[in-house]
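Visitor: dropping a prediction and its sequence here:
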Amino acid sequence: MRTLIPIDDADDPRIAEFRDIRERDLTGRQGRFIAEGTVVLRMLAAAHVMGRGVAAEKILLLKNRVAGVSDLLEALPPEVPVYVAERDVLNAIVGFDLHRGVLALGRRLEVSPVETFVAALPADALVVVGCGISNHDNIGSIFRNAAAFGADAVLLDETCCDPLYRKSLRVSVGSVLSVPFRREGSAMQLLAALSAQDFSVWALSPNGTTDIRAVAPASKTALVLGTEGEGLPPEILSRFHSARVPQMAGLDSLNVATATGIALYQIASAMKRV
């Protein structure tokens, strides 16, 4: 039976990391993140147990939600403390009332350099690369698409927003914790690491030269996505193959997450993944 630690005071120092989480979302947590909701907690518990580069540090629950997540709590190591509070106390801690009563503090573990990470990918690999994507909803949706269509990894350059931001995690339905990723360096550095491992790199653009349906994926294929509006920089579009998702005339471009889903479905289908 899991030991539960009651919290009666919103200023209790044991749950300080959960206090005013909206404001902390803006300032960062130095490698830590907040997982919100039962589905994301389940993904965090699985990632912790399976050694996927993240660990659960502590759990904070609304008292009446304990029974519904008891199986997840039992799956976590006994050293992970579980705190419980009544709604008024929990709302005072978090700072708002839309937290679903299930919160966890996670920590990103030390990770290998991107070159090592890429070299360890399977011989038959599908990778998504993000360049300058600053919208947290889009990042979350890209990870959800990557999980749905069997991508082996997501690489994000340093100008992309953090996928472990609370909103990105929630939108991804926890997929940020199940799809391996790296966020570091420039887009060209990431693509150089992929090219060194013989990846066929395809840059997605509304003006891409090849219809995505005509792309014949190699055993190792990477799809590169740019920010909405500006898209991918010319140096990427000129150096690598480019592909487009055909659409009706009169519209500038698709939402980047939508385009990612379509392109991943097409490539994953050609690779017999779905």
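Guide: Looks like it arrived, so ask away. Here the structure is a predicted model, which means the values were calculated and not measured.

Visitor: residue 138 contacts residue 257, correct?
Guide: Yes: Residue 138 lies in contact with residue 257 (CB atoms under 8 Å); the separation is 4.7 Å. Any C-beta I mention is one placed from the backbone N, CA and C, and that applies to glycine too.

Visitor: tell me the secondary structure for the spatially most central residue of the chain?
Guide: With distances taken as CA atoms, centre = their mean, the chain has residue 176 as the residue nearest its mean C-alpha position (2.8 Å). Three-state assignment for residue 176 (DSSP: H, G, I helix; E, B strand; the rest coil): helix.

Visitor: Three-state assignment for the residue nearest to residue 237 when sequence neighbours are not counted, please.
Guide: Spatial nearest neighbour of residue 237, chain neighbours left out: residue 203 (5.4 Å); criterion: CB to CB, 6 or more residues apart in numbering. Assigned with three-state DSSP, residue 203 falls in the strand class.

Visitor: offset the numbering so it begins at 484, please.
Guide: Noted, 484 is the first residue going forward, which turns the last one into residue 686.

Visitor: pLDDT score for residue 686?
Guide: Per-residue confidence (pLDDT) for residue 686: 98.

Visitor: my read: it touches residue 725, true?
Guide: Yes: in this structure, residue 686 is within contact of residue 725 by CB under 8 Å, at 4.7 Å.

Visitor: and the helix or strand hosting residue 672, what does it pack against?
Guide: Following DSSP states H and E, one finds residue 672 within helix 670-679. Under the contact criterion of 3 or more CB pairs under 8 Å, 6 or more residues apart in numbering; DSSP states H and E, helix 670-679 touches helix 597-602, strand 608-614, strand 683-687, strand 703-709, helix 717-722.
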